[in-house]
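Engineer: any chance you could fold what I've pasted below:
(chains A, B and C, ligands or ions: 1)
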Amino acid sequence: MRQTPAILHLDMDAFYAAVEQVAKPSLRGKPVIVGGVGGRGVVATASYEARKFGVRSAMSTAEARRRCPNAAFLIPRFAAYREVSDLVMGLLGQLSPLVEPLSLDEAFVDLAAGPYADGLDTARATALAVRLRADILAATGLTASVGLAPSKLVAKIASEAAKPDGLVVVPPDQVRATLDPLPVRALWGVGPATAEAMRKVGITTIADIAATDADELVRLFGQAHGRALHEHALGIDDRPVVAERDAKSVSVEDTFEVDLVDRTRITAELDRLAARCVERLRAAGRSGRTVVVKMRRYDFSTLTRSETLRGPTDDLAVVRETVHRLAAQVDFTGGIRLLGVGVASLADFAQQDLFGDDHEDAAGDAVGVADATETTDATEISTGPAGSAAGAAPRAVDAIEPDATSGAAPDAALAPGVDPAPESAAGDPADPEAGAYGRVPVFHPGRFGSTRWLPGQDVTHTEHGPGWVQGSGVGRVTVRFETPGSAPGRIRTYLVDDPDLTPSAALPLVRRTELDPKPEPEPQLALEPEPEPEPAPKPPAEPELGADPPPAPDSP
DNA sequence: TCTGGGGTCCTAGGACCC
DNA sequence: TCTGGGGTCCTAGGACCC
Ligand SMILES: [Mg+2]
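Structural biologist: Below is the predicted model of the structure:
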């Protein structure tokens, strides 16, 4: 184990919801729930105000509405989150070139690999983290929680303990004392199933794991998991921070508002998914050998069928034919709620030529490379990026399918002040697959049906300018006209097909320092009890857990 | 209207090879 | 005759993470 807390873990607080609160001034201080708004949607992120009502990530949106009916329910706007994420990751990059993003809002940083490595100790690392949090707040208006520790394992646990809006530092000699009392679920890789299995044998805390024989853990939880559990419980974790990771698979899936039963319809949806998957594969400059079809049945049982080709492909025609072959093996009786298409065993684009059509002999001689399976005809092997004309199709599809212009049923972001949109609207429940609504997947609205507006969506009105959809139903759409830098805006209601109203791109979350003519009153000073944000030598920092201030208001 | 979407890693059995 | 040992690839499923 390292002798300094040089691993930093950053975790933005209630990230999606917090971005929405900064972007939509009228929502600051109010419960905000971001996720799927359809009948089968789930919560991605709930603001702290919504969490007070028991709303949690992964909860069904229907349950969230029951618990917090007055919250704003918004669809995710990933373009906006990615923009903020890039900015935050850029700030991390100033601390070290070794930044490992785990998601849009989380990353590890190895401070010992960067410009502050020299003389790094607990006090200097702490000062860097203090400054980082202040910089993030100043640049985005968002709070972040940070953990500093000698390992990834403990840094992640520390940032969790720091939430919200805090900093926790765990020096090396505090690691065991920090871990011991925590429930097993706090360990990375221990989920509901493992925790329950542990409970049955009387293991409930990390100290319990540490006190269990390693062989016993291997017997109970498998080779890899058992070994890791034992080491991690003892605070041993040498995993390095890794900056660039190549994706190993690309996949796309949709859950449908209504179960699909018709094989022709299912095939058509698989074709659309294959096109989206290949589009993303090509955009990443990758190709893959294994094609995977995923299905979730009416009863939530999940099955996958996969086929490995003789060489990597990024050809839509090849992927589509493979998908058809795989789907033909499956019984759809009872209905299908989810379909997915993926490509795995990814290769870099350049490697593809190794399997090109003029290398039959070489491929045959190469040990176990080309003859692993017998399942694919030579004619189905991709010949490269120039491949078949079908490869152009997905781009065309996306071009005529703008994001978020249609969706399910009457939706309202906000209950308060908005008519609850009587249950009139939407498709014909008696024949769900025939109409537009049956075609509408939860997160990827189809391009069929009349104009739909989704809550949270960015729009622009020719006269009143930029705003966002607060709700829609019974032929009307309600828009709130405000922007990240404005005061809370007022609402106006339009007919859903009003030609003056158009979907628009997300506005940038302008930095407060650039936005406000008068400088902000340095909010970070009020929030931070810690020393100067300079990486200068300091007296030994408090090696205690919970060096963070009390929770701040969620939104400025 | 219970239960999203995008990933990673591990296990286990059979095929196949040496 | 008490069954031998790997190693790798492929497939299916499952746990887990955000
Ligand atoms: Mg977070």
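Engineer: list the contacts of the nearest residue to residue A:234 once chain neighbours are set aside.
Structural biologist: When the adjacent residues along the chain are set aside, residue A:234 lies closest to residue A:210, with 5.3 Å between them (C-beta to C-beta, 6 or more residues apart in numbering). Every residue, glycine included, has its C-beta placed from N, CA and C. With contacts defined as C-beta atoms under 8 Å, 6 or more residues apart in numbering, the neighbours of residue A:210 are A:176, A:179-180, A:230, A:233-234.
Engineer: same question, residue A:61
Structural biologist: With C-beta under 8 Å, 6+ apart as the criterion, the residues that contact residue A:61 are A:33, A:35-38, A:41-43, A:73.
Engineer: around the ion, pick out the residues from chain A.
Structural biologist: Chain A comes close to the ion at residues A:11-12, A:15, A:105, as judged by C-beta under 5 Å from the ion.
Engineer: tell me the one of the contacts of residue A:61 nearest the ion?
Structural biologist: residue A:43 (13.6 Å; C-beta to the ion).
Engineer: the closest one should be in a strand, yeah?
Structural biologist: Yes - secondary structure assignment (DSSP: H, G, I helix; E, B strand; the rest coil) places residue A:43 inside a strand.
Engineer: please report how far it lies from DNA strand B.
Structural biologist: When C-beta to the nearest atom of the strand, to the nearest Å is applied, the distance between residue A:43 and DNA strand B equals 8 Å.
Engineer: check residue A:22 too.
Structural biologist: 20 Å.
Engineer: that residue contacts residue A:140, correct?
Structural biologist: Yes - taking C-beta atoms under 8 Å as the contact criterion, residue A:22 and residue A:140 are neighbours in contact, 7.0 Å apart.
Engineer: please enumerate the shared neighbours of these two.
Structural biologist: Common neighbours of residue A:22 and residue A:140, using C-beta under 8 Å, 6+ apart, are residue A:509.
Engineer: ok so, going back, most neighbours, which of the residues of chain A next to the ion?
Structural biologist: Comparing those by number of neighbours (other C-beta atoms under 10 Å), residue A:12 comes first, having 25 neighbours.
Engineer: next one, pLDDT for the nearest residue to that residue once chain neighbours are set aside please.
Structural biologist: The shortest distance from residue A:12 to any residue other than its chain neighbours is 3.8 Å, reached at residue A:105 (C-beta to C-beta, 6+ apart). Looking at residue A:105, its pLDDT reads 98.
Engineer: tell me the spacing between residue A:105 and residue A:17.
Structural biologist: Using C-beta to C-beta, to the nearest Å, residue A:105 is found at 11 Å from residue A:17.
Engineer: show me where the stretch 151-300 of chain A has helices.
Structural biologist: With DSSP state H, counting those that start in this stretch applied, the stretch 151-300 of chain A shows helices at A:152-162, A:175-179, A:192-200, A:206-210, A:214-221, A:223-233, A:263-283, listed in chain order.
Engineer: could you do the stretch 451-556 of chain A as well?
Structural biologist: For the stretch 451-556 of chain A, the helices identified by DSSP H, counting those that start in this stretch occupy A:512-515, A:523-527, in order along the chain.
Engineer: mean pLDDT for the ones you listed: which is lowest?
Structural biologist: Among the helices of the stretch 451-556 of chain A, helix A:523-527 has the lowest mean pLDDT, at a mean of 28.
Engineer: sorry, back to before: same list, the contacts of residue A:210, but as a markdown table with distance to residue A:53, pLDDT and neighbour count please.
Structural biologist: As requested, these are arranged in a markdown table below (distance: C-beta to C-beta, whole Å; pLDDT from 0 to 100; neighbours: other C-beta atoms under 10 Å):
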| residue | distance to residue A:53 | pLDDT | neighbour count |
| --- | --- | --- | --- |
| A:176 | 37 | 97 | 15 |
| A:179 | 32 | 98 | 23 |
| A:180 | 33 | 98 | 16 |
| A:230 | 39 | 96 | 20 |
| A:233 | 35 | 98 | 27 |
| A:234 | 39 | 97 | 16 |
